[in-house]
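Participant: give me a model of this one.
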Amino acid sequence: MTSLRKNLAVLILFLSASPLLHSHLFTHAASTSAPATRAQIIFVTGLNSDDNYEDDYLDDDNHSTPPKVVESVQTTLLQQKPQLCQYNPCLENQEPCNQISERTGCLCPGVSGGDEPPHAPRIQVLQPISEGGDRGKIEVQWCAPSSVVSGYRVVIEGRETLEFQKVSRRGLVISLEVGTKVCVEAVNSAGHSTPSDFSCKRYDPPESSDHKLLAGVIGGGVALFLLLIIAAVILWKHQMRKKAKRDSADGLGNPSYSTEGTL
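Facilitator: Below you'll find the model as predicted:
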């Protein structure tokens with residue numbers, strides 16, 4: 001029993017006194033332990049690349065197929081500057097602006113609906129016609145409003161009302177007196193436009209070429225008359241000077257006349 005204790009004590013003392021053996025034992029124990037698993041870091045450089053990333057998703061122990069990557073495609077819309085339709089509201093017999101817009105994709109000006117009275121058109125000019133078969137008549141010109149229009153009316157102050165189609169932009173009036181007020185109204189199923197300062201105009205005929213010619217003739221006649229008067233005055237003065245000189249010469253030629261007295 002005593003020898004067994006001695007042997008155990010010697011063994012413990014040997015182990016504690018051998019650091020090299022102690023280090024070897026701990027190193028062996030660490031090498032036999034299970035290896036630690038490191039987390040794998042995956043770097044994605046682009047969604048639209050055609051490279052194969054299958055190797056990045058393969059685990060060392062479990063060779064499983066990589067997950068599918070859904071590519072997100074961003075579409076950039078190139079917005080062009082909107083173009084206005086080539087539509088002139090002052091020209092007649094034109095294609096409606098909404099049809100031009102459907103065909104070309106252009107933009108029309110804002111138009112009020114057919115369920116409300118139209119805006120007032122803009123009258124342009126009251127022009128007398130001096131040539132052709134309509135000579136002597138007055139032409140009324142206007143521009144369409146930004147509204148749904150089914151027709152137009154030309155209202156003459158104190159006289160009649162003339163009706164025209166929705167594609168019309170001008171109408172003929174038989175005759176007008178100077179200062180007569182003329183208005184143009186737009187009409188649709190909801191009513192008619194209200195007269196305004198730009199939809200009405202008073203007739204003020206421009207000076208015709210005949211009037212200008214007459215004024216020129218009168219002015220030329222007056223100028224010629226004045227020239228004749230001036231020429232007559234100059235001629236009369238010239239005659240008076242000649243007569244005065246002649247009278248003076250006749251007095252010096254008389255022998256009974258002397259500066260020293262009467263003989």
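
Participant: below-threshold pLDDT in the stretch 101-250 of the chain: ranges please.
Facilitator: For the stretch 101-250 of the chain, applying pLDDT under 70 flags the ranges 207-213, 249-250.

Participant: which parts of it are helices?
Facilitator: Taking DSSP state H, counting those that start in this stretch to define them, one finds helices in the stretch 101-250 of the chain at 209-252.

Participant: can you give me the strands in it?
Facilitator: Counting by DSSP state E, counting those that start in this stretch, the stretch 101-250 of the chain has strands at residues 122-128, 138-143, 151-156, 161-165, 170-173, 181-188, 191-192, 200-202.

Participant: dump those to CSV, plus mean neighbour count and distance to Arg103.
Facilitator: For the C-beta atoms, the positions are set from N, CA and C on the backbone; glycine is no exception. Putting those into CSV (neighbours: other C-beta atoms under 10 Å; distance: least, C-beta to C-beta, whole Å) gives the following:
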stretch, mean neighbour count, distance to Arg103
strand 122-128, 16, 27
strand 138-143, 20, 23
strand 151-156, 19, 25
strand 161-165, 14, 23
strand 170-173, 17, 27
strand 181-188, 22, 24
strand 191-192, 14, 31
strand 200-202, 15, 35
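
Participant: quick one: closest of the ones you listed to Gly221.
Facilitator: Across these, Gly221 has its closest neighbour in strand 122-128 (27.5 Å, C-beta to C-beta).

Participant: for the closest one, packing partners?
Facilitator: strand 138-143, strand 181-188, strand 200-202 (3 or more C-beta pairs under 8 Å, 6 or more residues apart in numbering; DSSP states H and E).

Participant: quick one: strands adjacent to that strand?
Facilitator: Applying DSSP bridges to the sheet, strand 122-128 is found paired with strand 138-143 (antiparallel).

Participant: C-alpha coordinates for the strand it pairs with, PDB please?
Facilitator: Extracted in PDB, the C-alpha atoms of strand 138-143 (Å, rounded to 0.1, in the frame of the first residue of the first chain):
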ATOM      1  CA  ILE A 138     -68.500  93.900 -96.000                       C
ATOM      2  CA  GLU A 139     -66.500  90.800 -95.000                       C
ATOM      3  CA  VAL A 140     -66.600  89.900 -91.200                       C
ATOM      4  CA  GLN A 141     -63.600  87.800 -90.100                       C
ATOM      5  CA  TRP A 142     -63.200  86.100 -86.700                       C
ATOM      6  CA  CYS A 143     -61.200  83.400 -84.800                       C
END
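
Participant: and the angle for that strand with strand 181-188?
Facilitator: 50 degrees (axes from the mean of the first three to the mean of the last three C-alpha atoms, to 10 degrees).

Participant: one step back: can you redo the helices and strands packed on strand 122-128 as CSV with distance to Glu131?
Facilitator: Formatted as CSV, the helices and strands packed on strand 122-128 follow (distance: least, C-beta to C-beta, whole Å):
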stretch, distance to Glu131
strand 138-143, 12
strand 181-188, 22
strand 200-202, 23
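
Participant: can you say which of the ones you listed is nearest to Gly158?
Facilitator: Nearest to Gly158, of all those, is strand 181-188, at 8.5 Å by C-beta to C-beta.

Participant: residues in contact with the closest one?
Facilitator: For strand 181-188, the external contacting residues (C-beta atoms under 8 Å, 6 or more residues apart in numbering) are 114, 117-121, 123, 126, 140, 142, 144-145, 147-157, 173, 176, 192-193, 195, 199-203.

Participant: select, out of the helices and strands packed on strand 122-128, the one closest to Thr104.
Facilitator: Among those, strand 138-143 comes nearest to Thr104, with 22.2 Å by C-beta to C-beta.

Participant: now do the closest one against strand 161-165, angle only.
Facilitator: Angle of strand 138-143 versus strand 161-165, following the same axes, to 10 degrees, is 50 degrees.

Participant: count the residues that sit near Gln99.
Facilitator: The number of residues packed near Gln99 is 13, by other C-beta atoms under 10 Å.
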